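In: Build the 3D model from these lines:
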Amino acid sequence: MALLTVAGLTEGVSILSLLPLIDLSMLKGGESPSRAGQWLSQAIGAVGLKPSLGTWLFVIVAGIALKAGITLVAMKEVGFAVGRLMTDLRRRLVMALMEARWSYYVSQPLGVFANTLGAETMRAGATYQQAARLASAFTQGMMYTVLTFLVSWRTALLALLAGAAAVVIFRKVVTGAQVAGSHQTELMRSLSVRVTDTLQGIKAVKAMAAEELALPLIDREISNLDANQKQQVWLIELLRAGQEPILVTALAIGLYGALQVGGVSLSELMVVAVLFYRLLNRFQAVQEIYQAMALSESAYWSMYEMVNNLISVSEDIMSGGVQAPSTPPRLTLQSVGYAYGEKQVLCEASLDISAGEFVVLLGSSGAGKTTLLDLMGGLLQPSSGGIKVDGIDLSSLDLRSWRRRIGYVPQEMLLLHDSVYRNVSLGDQTITRSDVEQALQAAGVWSEVAALPKGIDAPMGERGAHFSGGQRQRISLARALVRQPSILLLDEITAALDEQAERGVCETLRTLAGKMTIVAVSHQRIMARVADRCVQLEDGRLTVAVRSVDLVVANAS
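Out: Below is the predicted model of the structure:
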């Protein structure tokens, strides 16, 4: 703001310097100099310069050049500030996302977050930039107002009235732009959600030749966005086209009054005309910039609201709580209950899992097996009862240190469009290539990876498309094993494997039992055979517990 104020001042002085310059030519015709011209001549003389044609031309050129340089520096700082703002907004959003409760994610479409990090952040940055341009135009307008008052207060008053009239006349146009901008934010979010959802299931869509069914849904979103864009263009051009007649009319009235009423010298009239035009031009710029800001400000507030919502649902991860054990822990579930809304999933579920024990959870789909794993990992909190780790309540542990001791393989595999190495290490610099190789060997997939031309640097493709379902599952298992966890939580990890691959994974898990506590959800016989114990989940209760060998015998019968 300081730089912009100085820039406006230097430009105003430069334009006012036209007065004594014109006076020099008028004096030859016998006319008296203007009062403002006399003031400037006295001011230039006070700094040791002689008022002359060369001096005034130098002042004009130097003033405009200085104004351009200062404005460039100011707007360069604005550009840096916009970049910092966008970076800060993205980091705040990502950090808030990482700290939000797991229950929040399952209620939100992924496309919303993708749109916010991309399009909405860009529009938020544009809003900040427009705000800076608005400050620049307003500062320059104030400078021109003061200078015009010094030369002719009547002219300045007329310009202010004309500017106020333009604001009143086009108020609805600016308000309409604000509404259109808010609608655009909603439409872009809806389109992003629709495209993200469709692309996640694109394989099934293409396999069933259902593209013609998916396209109309996306096309409708695109058409709505197109209609909104047309409305925005119309509002922008309406304001721009409508302001010009008002500006020219006010200028004509001002010149007519000055010439007919009199009291203004020719030199003053020429400079006043320039100041009057520039002042009205600043009013026009202020309104146009404000309209542009109104079009994009909804994206800023939308992002701001999302960050605040995420902060409000952040996890209460105890920092400095009891440190999680580094050895295989003993887990004790005491009358654990959990409900999704009004649906009770777990009801007084109790279970004691010894340190290093390999337990398989059995039960029908929807019985709550995955929920039970999420409760053990601290992703969800029981609505009743509690979970203890080596006799310490899970809620008293430092959850971050506890989760670092967990190897978790969910049903929905996280696979990056990156190398095998990056998929296993997830970018952790402390994990070496040797660590990744050992984890792949433990997961039973090293031989397939090593046979690839690039080995562990081979790209996996989008969602692991370059690998088979079984290979993707075992690479996910390697990711869980590479950090040498003390507890392993597995959710149907062998469901996509053939019998031979499944047997290899189960044998690996059997060798790991004892070194770490393993809790696995599975319906497979081989998994049940190698486990120490199988636990049945029925009606929200862990009521049936059988030894795995008894279950195998029963299945064989």
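In: Tell me where this protein has strands.
Out: Applying DSSP state E to the chain gives strands spanning 331-340, 343-353, 358-362, 384-389, 392-393, 406-409, 487-491, 517-521, 533-538, 541-547.
In: most tightly surrounded among the ones you listed?
Out: Stretch with highest mean neighbour count among these: strand 517-521 (a mean of 25; mean count of other CB atoms under 10 Å). Just so you know, the C-beta spots here come from the backbone N, C-alpha and C atoms, and that holds for glycine as well.
In: can you tell me the average pLDDT over that strand?
Out: Averaging pLDDT along strand 517-521 gives 89.
In: same check, this time on stretch 79-90
Out: Per-residue scores along stretch 79-90 average to 86.
In: Residues in contact with that stretch: which ones?
Out: Under the criterion CB atoms under 8 Å, 6 or more residues apart in numbering, residues 117, 121, 122, 124, 125, 126, 128, 129, 132, 303, 307 lie in contact with stretch 79-90.
In: With distance to residue 462 as new columns, can the residues you listed be given to me in CSV?
Out: Shown next, in CSV, are those (distance: CB to CB, whole Å):
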residue, distance to residue 462
117, 19
121, 24
122, 24
124, 29
125, 29
126, 31
128, 34
129, 34
132, 40
303, 27
307, 29
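In: from memory residue 314 sits against residue 102, does it?
Out: No: judged on CB atoms under 8 Å, residue 314 makes no contact with residue 102 at a distance of 11.6 Å.
In: what sits against residue 169?
Out: 242, 246.
In: For it, give its distance to residue 279.
Out: 18 Å (CB to CB, to the nearest Å).
In: And for residue 468?
Out: 72 Å.
In: Which one's more surrounded, the two?
Out: Using other CB atoms under 10 Å as the criterion, residue 468 and residue 279 rank with residue 279 on top: 28 against 15.
In: Not counting its neighbours along the chain, what's nearest the more buried one?
Out: Using CB to CB, 6 or more residues apart in numbering and skipping residues adjacent in sequence, the residue nearest residue 279 is residue 144, 4.1 Å away.
In: ok, longest helix in this protein?
Out: helix 211-261 (DSSP state H).
In: shaky segments in the stretch 351-500 of the chain?
Out: Applying pLDDT under 70 to the stretch 351-500 of the chain picks out residues 496-497.
In: That one: helices as residue ranges?
Out: 369-376, 399-404, 420-425, 433-442, 446-450, 469-481, 499-512 (DSSP state H, counting those that start in this stretch).
In: If you count contacts, what does the shortest one end up packed against?
Out: Using 3 or more CB pairs under 8 Å, 6 or more residues apart in numbering; DSSP states H and E, the elements in contact with helix 446-450 are helix 433-442.
In: Tell me which other helices or strands the helix it packs on touches.
Out: helix 420-425, helix 446-450, helix 469-481.
In: okay if I get the ones you listed as JSON lines plus mean neighbour count and distance to residue 285?
Out: As requested, those are exported to JSON lines (neighbours: other CB atoms under 10 Å; distance: least, CB to CB, whole Å):
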{"stretch": "helix 420-425", "mean neighbour count": "23", "distance to residue 285": "49"}
{"stretch": "helix 446-450", "mean neighbour count": "17", "distance to residue 285": "61"}
{"stretch": "helix 469-481", "mean neighbour count": "23", "distance to residue 285": "55"}
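In: Out of those, the one nearest residue 380 is which?
Out: helix 469-481 (19.1 Å; CB to CB).
In: can you give me how far that closest one is from the chain middle?
Out: 30 Å (CA atoms, centre = their mean, to the nearest Å).
In: now the angle between strand 487-491 and that helix, please.
Out: For helix 469-481 against strand 487-491, the angle by axes from the mean of the first three to the mean of the last three CA atoms, to 10 degrees is 160 degrees.
In: Restricting to C-alpha, output helix 469-481 in PDB.
Out: Output of helix 469-481 as PDB, limited to C-alpha atoms (Å, rounded to 0.1, in the frame of the first residue of the first chain):
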ATOM      1  CA  GLY A 469      -4.700 -58.400  -8.500                       C
ATOM      2  CA  GLY A 470      -2.700 -60.900  -6.400                       C
ATOM      3  CA  GLN A 471       0.500 -59.000  -7.100                       C
ATOM      4  CA  ARG A 472      -1.100 -55.700  -6.000                       C
ATOM      5  CA  GLN A 473      -2.300 -57.300  -2.800                       C
ATOM      6  CA  ARG A 474       1.100 -58.700  -1.900                       C
ATOM      7  CA  ILE A 475       2.800 -55.400  -2.700                       C
ATOM      8  CA  SER A 476       0.300 -53.800  -0.300                       C
ATOM      9  CA  LEU A 477       1.300 -56.400   2.300                       C
ATOM     10  CA  ALA A 478       5.000 -55.600   1.700                       C
ATOM     11  CA  ARG A 479       4.200 -52.000   2.500                       C
ATOM     12  CA  ALA A 480       2.800 -53.000   5.900                       C
ATOM     13  CA  LEU A 481       5.800 -55.300   6.600                       C
END
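In: just checking, residue 236 touches residue 291?
Out: Yes: applying CB under 8 Å as the test, residue 236 and residue 291 come out as touching, 6.7 Å apart.
In: what is in contact with these two at once?
Out: residue 177.
In: The two - which one has more neighbours?
Out: Using other CB under 10 Å, the more surrounded residue of residue 236 and residue 291 is residue 291, with 24 against 17.
In: List the residues that contact that one.
Out: Contacts of residue 291 (CB under 8 Å, 6+ apart): 173, 174, 177, 235, 236, 239.
In: Once you drop chain neighbours, what's closest to the first one?
Out: Read it as residue 173. Using CB to CB, 6+ apart, the closest residue to residue 173 is residue 239 (5.0 Å).
In: That neighbour: neighbour count?
Out: 22.
In: and the nearest residue to residue 224 once chain neighbours are set aside, how many residues sit next to it?
Out: Leaving aside its sequence neighbours, residue 224 sits nearest to residue 187 (CB to CB, 6+ apart; 5.4 Å). Neighbourhood size, residue 187 [other CB under 10 Å]: 19.
In: Before we move on, what's the pLDDT of residue 187?
Out: At residue 187, pLDDT is 84.
In: Make sure it is actually in contact with residue 228.
Out: Yes: the pair residue 187 / residue 228 is scored as a contact, 5.8 Å apart, by CB under 8 Å.
In: Residue 291 and residue 519, how far apart?
Out: 59 Å.
In: ok, the residue nearest to residue 279 to residue 511 distance?
Out: For residue 144, the distance to residue 511 - CB to CB - is 82 Å.
In: mind listing what the residue nearest the centre of the chain touches?
Out: Of all residues in the chain, the one closest to the mean position by CA atoms, centre = their mean is residue 117, 2.5 Å from it. Applying CB under 8 Å, 6+ apart, one finds that residue 117 lies in contact with 90, 93, 94.
In: neighbour-wise, which of those residues leads?
Out: Ranked by neighbour count (other CB under 10 Å), those have residue 93 at the top, with 20 neighbours.
In: how about the nearest residue to that residue, chain neighbours excluded?
Out: Using CB to CB, 6+ apart, the nearest residue to residue 93 is residue 307, at 5.6 Å.
In: so the one you found sits right up against residue 94, yeah?
Out: No: applying CB under 8 Å as the test, residue 307 and residue 94 come out as separate, 10.0 Å apart.
In: TSV please, covering the helices of the stretch 351-500 of the chain and showing distance to residue 61.
Out: Below are those laid out as TSV (distance: least, CB to CB, whole Å):
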stretch	distance to residue 61
helix 369-376	72
helix 399-404	63
helix 420-425	58
helix 433-442	65
helix 446-450	70
helix 469-481	67
helix 499-512	80
